[in-house]
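with the sequence up front, the predicted model follows.
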2 protein chains.
Amino acid sequence: MDSRELRYFVAVAEEMHFGRAAQRLGIAQPPLSRTIMQLERRLGTPLLRRDSRPVTLTEAGVVLLHEGRAALEALEAAEHRARRAALAATGGPRVTLAIKAGASTELLAKLLDAYAAEPDSVYVDVLLCGPGEQTRLLRNGHADVAILHPPIDDTTGFDTEELATEGQVAVLPAGHPLTTRTHVTAAEIAELTDLPQPRWPRRDGTYADGPGPEVQSHSQLLQLIALNRTTVIAPESCRSQLRTDVVAVPVIDAPRITTVMAWPPRSRLRAVAGLLRTAARL
Amino acid sequence: MDSRELRYFVAVAEEMHFGRAAQRLGIAQPPLSRTIMQLERRLGTPLLRRDSRPVTLTEAGVVLLHEGRAALEALEAAEHRARRAALAATGGPRVTLAIKAGASTELLAKLLDAYAAEPDSVYVDVLLCGPGEQTRLLRNGHADVAILHPPIDDTTGFDTEELATEGQVAVLPAGHPLTTRTHVTAAEIAELTDLPQPRWPRRDGTYADGPGPEVQSHSQLLQLIALNRTTVIAPESCRSQLRTDVVAVPVIDAPRITTVMAWPPRSRLRAVAGLLRTAARL
DNA sequence: ACGCCCGATACCCGCAAGGTATGCAACAGA
DNA sequence: TCTGTTGCATACCTTGCGGGTATCGGGCGT
């Protein structure tokens, strides 16, 4: 199968609309229709039901959308990794590590320092990315290794190694009644109608409905907490990033957050192995 | 990147020779040369060193060969899985299970019977394949799930679930001195110069050098054991397939063999989940 | 019933993929 | 060192296919 056909099909399957898909692909609609029909002939099965609007996927179409996305990502990954391998061969070897922007830097700093002191260490490019973006970067070859937090992040399809596990704390305004407690429960925090949970923007920039304030950044969130507007439950390592006008109280029954290092399976990069050895010693 | 270019590059990288690669691809050599050069321009880096013969891979070339193979397999997989999904939608749902030909059928038979009795079970196509072939079939989409035996089989890149673990036995000719023992060690078996280890054919059909007899099949092997020509260490479940003129003696220090079910990560097939649930109850 | 939306069809064009002929550089043998 | 052979690159031609425009036809809303 040709990757072009697959790319076209994925576009149509995602848009559920030939015209919009064609626009997204930068081609006209008729050649797109033709290519999809060619693909269907080649596979010997229809992928789309056009008899009702909007067009819908057949069973085979659903499968091809899932598997095809993975295949296209693998193609991208091959291209990017080869390109980066070329850079590493000329300008000195390096690896790219993807971490969530705003995540705890303590553990990471220790790891990077320790690794840099290793005899065969290479330069580590640190790639800050949005929430949940790390797995995509790992899959499409923009990163070699990532720091993830299951079960928030989905690690299926990657090799992983656990680095740390920690409890969670509720971040409350200084002076709030609960700050006198040694610990609280998740239910208690959820029931605080005076401090409703904040709402983060979704992928498309819109917000879910709810009583909590809309936030775009961590500093904004901390300010809103200090102003008695909201509260949040976060890993305890966030303590080092807190302002003095907010207080962290352990949440006794919140799920423990694990920090894992993840990399694509059968990645044979020496640098990843080195990072792992270093991490194992910490 | 176009899959055609990648296919061409992989052919050249595997053959280390433009002419042979072109022949394998069914095209002439000049367009192949041109396509590889286009790919190199697109990536902005040379992939092959042509200044000495045979042509050799650059660092980027090595990476692209590895990653590119995986990407091409993912493409194949998408195609095959979509095609099979279409079949499943018309002719009743089914899954394809890959097992090594000649492996123990006891556990498998129990599993399949139990699964068939489940309320939402579907027909299971059993695909017999050569040693180490299961992972390839899983990767390229010819199979949905497989029975593997790590550490013999490489399971990196798959989700797995352990089904069973068993010790190993030495299969000896009836009447051999060691058959009176309750157990033996691997070293003792290796030191039996009168019964050298058998030699299996490699992928290309040739055999490694050594004193042992060349064998192609299990029945051949058993006959050679009965004839006092060789011996072999195998999982204890092989006992049910032995003839009466050979004897199995536990090897006390042989690594335990695990039987795992493996499937591609983020495969969402209900049938695979059903098989797993059934397996968990056995 | 009418009009609109949207995918399919018909037809044309240009380019890039593939073929043939040949040049030129690298290894092997003397 | 010279020469022949092997093997990748270059030059040039041909053609099929990917893409564009114009238009048709069917489903759905009003």
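Yep, that arrived.

what about stretch A:9-27 and DNA strand C, any contact?
Yes: judged by CB under 7 Å from any atom of the strand, stretch A:9-27 and DNA strand C are in contact via A:17, A:18, A:19. In short, each C-beta sits where N, CA and C put it, glycine included.

so which residues of chain A form helices?
Along chain A, counting by DSSP state H, helices occupy A:3-15, A:18-25, A:29-43, A:59-90, A:106-116, A:134-139, A:186-190, A:218-226, A:270-281.

a markdown table for those helices, including mean pLDDT and mean neighbour count?
A markdown table is the format used below for the helices of chain A (pLDDT from 0 to 100; neighbours: other CB atoms under 10 Å in any protein chain shown):
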| stretch | mean pLDDT | mean neighbour count |
| --- | --- | --- |
| helix A:3-15 | 94 | 20 |
| helix A:18-25 | 92 | 17 |
| helix A:29-43 | 93 | 16 |
| helix A:59-90 | 92 | 22 |
| helix A:106-116 | 89 | 15 |
| helix A:134-139 | 93 | 20 |
| helix A:186-190 | 91 | 15 |
| helix A:218-226 | 88 | 18 |
| helix A:270-281 | 90 | 16 |
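
can I get the ones you listed in JSON lines with distance to residue A:257?
Below are those laid out as JSON lines (distance: least, CB to CB, whole Å):
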{"stretch": "helix A:3-15", "distance to residue A:257": "32"}
{"stretch": "helix A:18-25", "distance to residue A:257": "37"}
{"stretch": "helix A:29-43", "distance to residue A:257": "43"}
{"stretch": "helix A:59-90", "distance to residue A:257": "27"}
{"stretch": "helix A:106-116", "distance to residue A:257": "12"}
{"stretch": "helix A:134-139", "distance to residue A:257": "15"}
{"stretch": "helix A:186-190", "distance to residue A:257": "13"}
{"stretch": "helix A:218-226", "distance to residue A:257": "16"}
{"stretch": "helix A:270-281", "distance to residue A:257": "17"}
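
near chain B, which residues of the stretch 1-150 of chain A?
Neighbours of chain B within the stretch 1-150 of chain A, by CB under 8 Å from any CB of the partner chain: A:1-4, A:6, A:43-45, A:47, A:58-64, A:66-68, A:70-71, A:74-79, A:81-83, A:85-86, A:88-89, A:141.

cool, and the stretch 151-282 of chain A?
Counting by CB under 8 Å from any CB, the stretch 151-282 of chain A sits next to chain B at A:156, A:157, A:159, A:265, A:266, A:268.

which one of those residues sits closest to residue A:181?
Set against residue A:181, the nearest of these by CB to CB is residue A:156 (37.8 Å).

how many residues are close by the closest residue to that closest one other than its chain neighbours?
Spatial nearest neighbour of residue A:156, chain neighbours left out: residue B:265 (4.5 Å); criterion: CB to CB, 6 or more residues apart in numbering or on different chains. Per other CB atoms under 10 Å in any protein chain shown, the neighbour tally for residue B:265 reads 15.

do the one 3 residues further on as well
When neighbours are counted by other CB under 10 Å, residue B:268 registers 9.

any idea how far it lies from residue A:66?
Distance, residue B:268 to residue A:66, by CB to CB, to the nearest Å: 7 Å.

got it, and residue A:38?
21 Å.

what does residue A:248 give?
Taking CB to CB, one finds residue A:248 at 41 Å from residue A:66.

before we move on, what about residue A:31?
As judged by CB to CB, residue A:31 and residue A:66 stand 25 Å apart.

quick one: the residue most central in space within chain A from residue A:163, how far?
Nearest to the mean C-alpha position of chain A, counting by CA atoms, centre = their mean, stands residue A:132 at 1.5 Å. According to CB to CB, residue A:132 and residue A:163 sit 19 Å apart.

just residue A:94 next, same as before
21 Å.

more neighbours: which of these two?
The residue with more neighbours, out of residue A:94 and residue A:163, is residue A:163; 18 against 14, by other CB under 10 Å.

contact partners for the closest residue to the more buried one other than its chain neighbours?
Distances taken as CB to CB, 6+ apart put residue A:259 closest to residue A:163, at 4.7 Å, once the chain neighbours are dropped. Residue A:259 sits next to A:107, A:147, A:148, A:149, A:162, A:163, A:164, A:165, A:166 when contact means CB atoms under 8 Å, 6 or more residues apart in numbering or on different chains.

hmm, 7 Å instead?
Residues counted as contacts of residue A:259 (CB atoms under 7 Å, 6 or more residues apart in numbering or on different chains) are A:107, A:147, A:149, A:163, A:164.

farthest pair within those residues?
Maximum distance among the contacts of residue A:259 (CB to CB): 11.6 Å, for A:107 and A:149.

which sections of the stretch 151-282 of chain A are below the confidence cut-off?
By pLDDT under 70, the stretch 151-282 of chain A contains no weakly predicted segment.

how about the strands in it?
Secondary structure of the stretch 151-282 of chain A (DSSP state E, counting those that start in this stretch): strands at A:159-166, A:168-173, A:232-235, A:246-251, A:257-263.

tell me which of those strands lies nearest to DNA strand C.
Closest to DNA strand C of these, according to CB to the nearest atom of the strand: strand A:257-263, at 33.4 Å.

residue A:255 and residue A:104, how far apart?
17 Å.

ok, the two, which is more surrounded?
The neighbour count for residue A:255 versus residue A:104, taken as other CB under 10 Å, is higher for residue A:104 (22 against 12).

just checking, that one touches residue A:236?
No: shown here, residue A:104 and residue A:236 do not form a contact pair, counting by CB atoms under 7 Å, at 9.3 Å.

and the nearest residue to residue A:192 once chain neighbours are set aside, what does it touch?
Closest residue to residue A:192 apart from its sequence neighbours, by CB to CB, 6+ apart: residue A:231 at 6.3 Å. Contact analysis of residue A:231 by CB under 7 Å, 6+ apart lists A:170, A:171, A:172, A:189, A:192, A:195, A:225.

let's go with 10 Å and repeat that
The neighbourhood of residue A:231, defined by CB atoms under 10 Å, 6 or more residues apart in numbering or on different chains, consists of A:170-173, A:176, A:178, A:189-190, A:192, A:194-198, A:212, A:221, A:224-225, A:246, A:249.
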